[in-house]
Structures are given as C-alpha cells and as structure tokens.
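Asks: quick check, what structure comes out for this input:
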Amino acid sequence: MLDILQKSAIAAGRAILDIYNAGPAVTYKPDCSPVTDADECAERIILADLASAFPDIPVVAEESAAAGSIPDISGKSFFLVDPLDGTKEFIGRHNDFTVNIALIENGAPVAGVVYAPALGILYAASGGKALKAVVSEAFVIEPETVIGCRSRGDRLVALASRSHNSAETVAYLAEHGITDYEAVGSSLKFCLLAEGLADVYPRFSRTMEWDTAAGDAILRAAGGETLTMEGTPLTYGKRNQKNESDFANPWFVSRGKT
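Replies: Below you'll find the model as predicted:
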C-alpha cells in the first residue's frame, strides 16, 4: 500500500509543480479559505489512484468534502487526503506546501505520506516505521532512510504555523520558557519533529483532520505523539461533533520524545 500512496502523492505533486510554475488560478471557499486549480487537479489524481487500487476503502478528501461528498466511514478504515496542504504558502510562492495521504484505522493514523514537491522531499510511515527520502528532479524516489524523534533536552525548539499563528501559541511558548521557534507552513511541522529537528508543535488555531493525519502518522511512527488539551491522543473520523463541524480538530500539541 505505501508504495502506491507514494507514487500517487508524487504524481499529484508533479501536477502541482506544473501549475505552481505556470501560475495558479485562485478562488475562495465559503469560509474564505483559498483554493486553487492545483488543489483540484491533485485531488482528482489521488482519488483516481485510490479508487483503482483500493476500491473498498472509502476516501475523505478536502475538496470533495467541501463540495458535500463524504462517504460512509462508520466502523471502517478510511483514507484522509489533503491534496495541497499549505495553499497560502503555495499562493505566496513559499516552498513548504505538501501533498498528504493517510490511512486511518480505529480512529488512529497508521500509515501516511507527506510529499513536499518544491523541496523534493518525501516522508512516509507504515508498520511503525518512519522514513524520509529525496525525490529527484525526474520524480524518482531515492533510497529511504529511517527517521526518529530526538530526546528532549533542556532547551526546546518549537515549530509554529506561518499562516495561522495565534496569541494562545505565543502564550504557550512563554509559559513553557521556549524562546527558540521557527514558523513553518503545512504538515512539514510534524515531519520536522519526526526527524528530530525540533521538539514541540503547539496548534491553537483551527485545523481539519486531512491537514494533520499524514504528518501525525509519520510523527507517531517516529516515536512522537499528538495530544489534545485533555492529554488524550488526537483521534480521526470525528462526525456529529457538538458545536463543531465534521472532521474538525480540537487544539493540540504535537511533540517528540518526552
């Protein structure tokens, strides 16, 4: 399965780069978040690949969900897809946007792929192992290396969202005495924790499950965790939530080894 997910993410990323270089067409959803023709093109590629390879596994994908197309996932394993995470970074000509595909089983992300096409880097997780690989200019995956979270030292390094930072995040960093932090877009924050380049990622602004699932799968496989403010693992497949929309996440803190 992981090989198919990787190939699909790279095919989607290749299409995204073509649009990135040509200049994307940008529109806005009812919630005022941007969407581009790259989001839509990449999602079509991934949905076709998943339907062909895994016809019995339902897929919840960002743009399809926004259009009201949500399959029945009750009691089932399912895929979560964000075809272009970091759309604001993509529009702003930053290079930290990603393609995200994750497999959810029993509410937990158990496999995932995060591909950063502009950086030529791919992260993946399956079977409790987290991997990183360079993707060549010919879109070929170079030999993968196993990655893992680092042990926390006395001086923590935090990651924060470039486009969605908040006063609560600033307060959290101050409360924990964290002065070293870097603003990074998209799901790459999970991956940087997973390869031991930082220690903590507090997120006190809105995310959806497709934003986090693939990166969270990689982080967990690398020895890290993502916890809600109640100290419980972030779960996936959240429907019929009181005072919140389907698949919306609560605030959380992701971290490497404690």
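
Asks: okay, helices next: where are they in this protein?
Replies: Here the chain has its helices, by DSSP state H, at 2-22, 37-53, 62-66, 87-91, 167-175, 188-194, 209-221.

Asks: of all those helices, which one is nearest K76?
Replies: The minimum distance between K76 and the helices of the chain falls on helix 37-53, with 13.9 Å, by CB to CB. No exception for glycine: its C-beta is placed from N, CA and C like everyone else's.

Asks: buried residues, that closest one. List them.
Replies: Going by neighbour count (16 or more other CB atoms under 10 Å), the buried part of helix 37-53 is 37-47, 49-50.

Asks: give me the neighbour count for the nearest residue to R14 once chain neighbours are set aside.
Replies: Setting aside the residues directly before and after it, R14 is nearest to F139 in space (CB to CB, 6 or more residues apart in numbering), at 5.5 Å. When neighbours are counted by other CB atoms under 10 Å, F139 registers 15.

Asks: kindly report the same for M1.
Replies: Quick note: M1 (other CB under 10 Å) scores 12 neighbours.

Asks: ok, now the one 10 residues further on?
Replies: Other residues within reach of A11 by the criterion other CB under 10 Å amount to 18.

Asks: for the one 5 residues further on, same thing?
Replies: Using other CB under 10 Å, I16 has 27 neighbouring residues.

Asks: OK, contacts around the residue nearest to it when sequence neighbours are not counted?
Replies: In this structure, I16 finds its nearest non-sequential neighbour in A38, 4.6 Å apart by CB to CB, 6+ apart. A38 makes contacts with 15-16, 19-20, 24, 84, 90, as judged by CB atoms under 8 Å, 6 or more residues apart in numbering.

Asks: before we move on, what about K76?
Replies: 57-58.

Asks: do that again at 6 Å, thanks
Replies: Neighbouring residues of K76 by CB atoms under 6 Å, 6 or more residues apart in numbering: there are none.

Asks: got it, and G107?
Replies: 235-237.

Asks: from G75, how far off is it?
Replies: 11 Å (CB to CB, to the nearest Å).

Asks: what sits against V200?
Replies: 156, 158, 255.
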